[in-house]
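Q: Requesting a structural model of the entry that follows:
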Amino acid sequence: MSEPPPRGAERDLFRDTWVRYLGYANEVGEAFRSLVPAAVVWLSYGVSSSYVLADAIDKGKKAGAVPSSEAGRSTRVTVAVVDTFVWQALASVAIPGFTINRVCAASLYILGTATRWPLSVRKWTTTALGLLVIPVIIHPIDRSVDFLLDSSLRKLYPSVEKPSSS
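A: Sure, this is the predicted structure:
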């Protein structure tokens with residue numbers, strides 16, 4: 001989780017509480033892919049995607065609550081929703097899910113060619129490795145997605161304050 005909000009600041013349900021961990025459900029699903037039915041992995045993507053959608057809606061509602069002209073309000077809400085949705089979809093679902101999937105697939109393959117361990121041991125080792133990689137990849141992916149959006153999508157926004165999506 002990120003650092004706690006400054007004293008007197010409103011706590012963000014989707015960033016400052018346990019709810020944030022729902023965004024990592026698909027990474028856990030990917031780590032367990034070799035041990036569970038595919039439906040369980042897809043369910044984990046459903047949980048993460050629901051988190052992304054709920055956070056985007058929440059940020060849109062918060063942006064809409066700030067008093068301003070209707071045109072400014074509409075733009076601010078749209079930017080907040082789009083920025084949050086794209087950032088979260090990339091940083092919480094797509095990139096980490098792909099990364100954990102490839103780490104686990106590669107480790108299962110390497111363990112299969114380099115060891116004589118039983119398949120069940122190789123699968124559990126792969127799952128453990130996938131789970132251990134999750135905290136290591138979070139911050140580099142977050143910063144990379146910030147850079148990507150700052151260099152692309154966020155340049156398209158009208159001159160309104162940059163949304164805080166990370």
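Q: Need the residue in this structure that's farthest from the chain's center.
A: Arg116 (35.7 Å; CA atoms, centre = their mean).
Q: Distance check, that residue against Arg122.
A: The gap separating Arg116 from Arg122 is 10 Å, by CB to CB, to the nearest Å. C-beta: built from backbone N, CA, C; applies to glycine.
Q: Ok, Gly46 next?
A: Gly46 is 28 Å from Arg122, by CB to CB.
Q: who has more neighbours, those two?
A: More crowded of Gly46 and Arg122, by other CB atoms under 10 Å: Arg122, with 19 against 13.
Q: now the residue nearest to the spatial centre of the chain, nearest residue through space, not along the chain?
A: Central residue of the chain (CA atoms, centre = their mean): Ser92, 0.9 Å from the mean position. Excluding the flanking residues, the one nearest Ser92 by CB to CB, 6 or more residues apart in numbering is Gly23, at 3.9 Å.
Q: ok, how many other residues are close to that neighbour?
A: For Gly23, using other CB under 10 Å, the count is 24.
Q: need the longest helix for this protein.
A: Ordering each helix of the chain by length in residues (DSSP state H) puts helix 119-151 first.
Q: How about it, which residues are buried there?
A: If you call a residue buried by 16 or more other CB atoms under 10 Å, then helix 119-151 has these buried ones: 122-123, 125-127, 129-131, 133-134, 137-138, 141-142, 145, 148-149.
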